[in-house]
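Participant: test case, fold it:
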Amino acid sequence: MYKALRGMNDILPGISGIWQELEKNAISVLRQFGYSEIRTPVMEEKGLFVKSVGGETDIVTKEMFSFQDRGERDVVLRPEGTAPIVRAYLEANLHKTDPFQKFYYIEPMFRSERPQAGRLRQFHQIGAEAIGSLNPVVDAEIILLLAAILDKNGIKDYTIRLNNLGCHNDKIRLSEALKEQLSDKEVLLCDDCKKRLQKNPLRVLDCKKDSCRNIAKGALKSIDFLCENCKNHFAGVKEYLKGTSAEKKCINDPYIVRGLDYYTSTVFEVSHPALGAQDAIGAGGRYDNLVKEMGGSALGAVGFALGIERMLMACSKDMAVFKGSATVYVATIGEKAAKEGFKITTGLRSADIECNMNYEGSSLKSQMRDADKLGSVLTIIIGDDELAKGEIVLRDMRTKEQISVKFTDILKTVNEKLKTYNL
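Facilitator: Reported below is the predicted structural model:
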């Protein structure tokens, strides 16, 4: 028997309804904020990520699913969403029609990591990118948008950790200072961090080993590297967040650096205690140099990505298996009634009414339990007596009231009943 590849899970019908609800809630918020959906290919040129994410990052050196296609081109399964969106933004000349654009995506990503809770080799992200502005108000909007998506899905007790990495020149100063201060502690670092210290010292702060991170944090405490412009930008972000629902969720964390090289200025991570040691639900920040580095103009940009699997782990909603739904349920007793019930079900569906029925000839008691599980508002009951009279019994599942309705009046009566519930 074949099995799914390790770290690449099926999303079965019992769970997919929960995913749909989460995605529906996210999309409603994203549209409310004025973001438009973009969908990029699942496969891209390897060079796109080497250039944008950084050749020394763990994603590029250890985690990408990379291979040669039949044309001997180096390609990868998409490990993150920002670089492909910037590529699409430039390739389609969107920067020429209107430089400032806001996008969202809900797509699978792929990284060859060790599978564990909330960390898979095929995982899914909800992300947003605002490209074309350096204004700190856009940073604040992105953070508010992220918080609104979490709030809409009933996720509580999360924390947004904010930091400012500074501009390109600030990052160079920080890297040089870190390299100098960590040089006498190099022997205490892991083998990977010894290499990082020479090529990209900031990556030591993003090491998966606590010992390396703590050594780097100790060195960072004494480094003042931000220019006045970057300090003012960060102050502006926090000023725009003042008085908002997200402000109470935000704390300053000077050790947030993010694992991708394209980040500059504002960076943030969202953590939740339900996720344990690996507590990040999502993260984001500015990447003001990426558009230019990929062949475009010097345009500011900021975005975030939320892990759907991680959101589900942190979700405070009832995570019971989702059985589907039905606004109207048709319960039948006997073969003749089942045939008539199928006609009624088909007619209601044609009228855009969500409807379901039992196909197995189960007892009426069992069918009523199914109607409850599916959250039905109304249940239509048909048996031999109802067939003889040319009518159905219509039961309001909320008030428990039952009335008899002629076959010819079913659609009209159902619509009237649903209107009373604004359905």
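Participant: now the longest helix anywhere in the chain: buried residues?
Facilitator: When every helix of the chain is counted residue by residue (DSSP state H), the longest turns out to be helix 13-32. For helix 13-32, burial by neighbour count (16 or more other CB atoms under 10 Å) applies to 18-19, 22, 25-27, 29-30. Yep, even glycine has a C-beta here, placed from its N, CA and C like the rest.
Participant: what's the spacing between Asn356 and Leu12?
Facilitator: From Asn356 over to Leu12 the distance is 19 Å, taken as CB to CB, to the nearest Å.
Participant: more neighbours: these two, which one.
Facilitator: Asn356 (20 against 9; other CB atoms under 10 Å).
Participant: tell me the secondary structure at the more buried one.
Facilitator: strand (DSSP: H, G, I helix; E, B strand; the rest coil).
Participant: beta-bridge partners for it, please?
Facilitator: Beta-bridge partners recorded for Asn356 (DSSP bridges): Tyr329.
Participant: strands along the stretch 301-423 of the chain, start to end?
Facilitator: For the stretch 301-423 of the chain, applying DSSP state E, counting those that start in this stretch gives strands covering 301-307, 328-332, 355-357, 378-382, 391-396, 402-406.
Participant: then the stretch 151-300 of the chain?
Facilitator: Using DSSP E, counting those that start in this stretch, strands in the stretch 151-300 of the chain cover 159-164, 250-252, 264-271, 280-286.
Participant: looking at those, spot the one closest to Ala117.
Facilitator: Ala117 lies closest to strand 280-286 among the strands of the stretch 151-300 of the chain, at 12.5 Å (CB to CB).
Participant: what average pLDDT does that closest one get?
Facilitator: Averaged over strand 280-286, pLDDT sits at 94.
Participant: gap between that strand and the chain center?
Facilitator: Per CA atoms, centre = their mean, to the nearest Å, the displacement of strand 280-286 from the mean C-alpha position of its chain is 11 Å.
Participant: outside of that strand, which residues touch it?
Facilitator: Strand 280-286 is contacted by residues 125, 139, 142, 146, 150, 155, 158, 165, 258, 263-272, 275, 300-307, 310-311, 314 when judged by CB atoms under 8 Å, 6 or more residues apart in numbering.
Participant: how long is stretch 111-120 from one end to the other?
Facilitator: Using CA to CA, to the nearest Å, the end-to-end distance of stretch 111-120 comes to 8 Å.
Participant: kindly report the same for stretch 110-120.
Facilitator: From the first residue to the last, stretch 110-120 extends over 8 Å; the measure is CA to CA.
Participant: how about stretch 59-72?
Facilitator: The first residue of stretch 59-72 is 22 Å away from its last residue (CA to CA).
Participant: for stretch 296-312, same thing?
Facilitator: End to end - CA to CA - stretch 296-312 spans 37 Å.
Participant: what about Ala117, how many neighbours?
Facilitator: Neighbours of Ala117 (other CB under 10 Å): 12.
Participant: could you dump the strands of the stretch 151-300 of the chain to CSV with mean neighbour count and distance to Met43?
Facilitator: Formatted as CSV, the strands of the stretch 151-300 of the chain follow (neighbours: other CB atoms under 10 Å; distance: least, CB to CB, whole Å):
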stretch, mean neighbour count, distance to Met43
strand 159-164, 21, 33
strand 250-252, 13, 37
strand 264-271, 24, 28
strand 280-286, 25, 24
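Participant: which one, of those, ends up nearest to Phe67?
Facilitator: Of all the strands of the stretch 151-300 of the chain, strand 280-286 sits nearest to Phe67, with 27.5 Å by CB to CB.
Participant: quick one, that closest one and strand 159-164 angle?
Facilitator: Counting by axes from the mean of the first three to the mean of the last three CA atoms, to 10 degrees, strand 280-286 points 30 degrees away from the direction of strand 159-164.
Participant: partner strands of strand 280-286, with direction?
Facilitator: strand 264-271 (antiparallel), strand 301-307 (antiparallel).
Participant: relative to Ile172, which of these is closest?
Facilitator: Closest to Ile172 of these, according to CB to CB: strand 264-271, at 11.2 Å.
Participant: where does pLDDT dip in the chain?
Facilitator: 55-56, 118, 219, 221-223, 259, 316-325 (pLDDT under 70).
Participant: mind listing the helices for the stretch 101-250 of the chain?
Facilitator: With DSSP state H, counting those that start in this stretch as the criterion, the stretch 101-250 of the chain has helices at 136-152, 168-182, 191-199, 210-220, 228-241.
Participant: same list (the strands of the stretch 151-300 of the chain) but as TSV, adding distance to Ala177.
Facilitator: As requested, the strands of the stretch 151-300 of the chain are exported to TSV (distance: least, CB to CB, whole Å):
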stretch	distance to Ala177
strand 159-164	16
strand 250-252	20
strand 264-271	17
strand 280-286	21
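Participant: can you verify my assumption that Pro254 contacts Leu220?
Facilitator: Yes: under the criterion of CB atoms under 8 Å, Pro254 makes contact with Leu220 at 6.7 Å.
Participant: middle-most residue in this structure, spatially?
Facilitator: Ile126 (2.5 Å; CA atoms, centre = their mean).
Participant: mind listing what that one touches?
Facilitator: Residues in contact with Ile126 (CB under 8 Å, 6+ apart) are 23, 26, 104-106, 149, 305-306, 308, 311.
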